[in-house]
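Student: this is a predicted model, with the sequence first.
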Amino acid sequence: TLPVEFDASHRALKLIDNMGILQGEENKAAKAVLQAAALTYVATALYSVLQLVQLLLISRSR
């Protein structure tokens with residue numbers, strides 16, 4: 001889902017630009033917010049991988 005989320009953020013920014021909804025600094029702020037939202041998915045994916053590694057290490061130590 002990571003590529004989908006990044007693509008959605010990119011498409012949203014393009015749509016906002018094309019419709020002229022935001023201007024100047026508002027565009028920069030919107031880009032920052034959408035990037036932060038997409039990065040929450042990256043953080044969640046990384047956390048899930050680390051949890052899996054932890055569980056594998058625990059199961060091997062028994």
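Tutor: Sure, I can see it.
Student: next one: whatever helix or strand Arg60 lives in to chain centre, how far?
Tutor: If you go by DSSP states H and E, Arg60 is part of helix 25-61. Helix 25-61 has its C-alpha centroid displaced from the chain centroid by 7 Å (C-alpha atoms, centre = their mean, to the nearest Å).
Student: same deal with stretch 9-29?
Tutor: That offset, for stretch 9-29, works out to 17 Å (C-alpha atoms, centre = their mean).
Student: and for it, what are the contacting residues?
Tutor: 30-31, 34-35, 37-38 (C-beta atoms under 8 Å, 6 or more residues apart in numbering). Heads up, the C-betas are built off the backbone N, CA and C, glycines and all.
Student: Asp7: how many residues sit nearby?
Tutor: By the measure other C-beta atoms under 10 Å, the count of residues near Asp7 is 11.
Student: roughly how far does the residue nearest to the spatial centre of the chain sit from Leu57?
Tutor: Note on the chain: the residue nearest the mean C-alpha position is Ala38, at 1.6 Å, using C-alpha atoms, centre = their mean. Distance from Ala38 to Leu57, counting by C-beta to C-beta, to the nearest Å: 30 Å.
Student: what's near enough to touch the residue nearest to the centre of the chain?
Tutor: Ala38 neighbours (C-beta under 8 Å, 6+ apart): 2, 5-6, 8-9.
Student: if you set the cut-off to 6 Å instead, what comes out?
Tutor: 5-6, 9 (C-beta atoms under 6 Å, 6 or more residues apart in numbering).
Student: top of the residues you listed by neighbour count?
Tutor: Neighbour max across the contacts of Ala38 (other C-beta under 10 Å) = Ser9, 20 neighbours.
Student: now do the SS call for that one.
Tutor: With DSSP: H, G, I helix; E, B strand; the rest coil as the basis, Ser9 sits in helix.
Student: just the buried ones from the contacts of stretch 9-29?
Tutor: Buried subset of the contacts of stretch 9-29 (neighbour count, 16 or more other C-beta atoms under 10 Å): 30-31, 34, 38.
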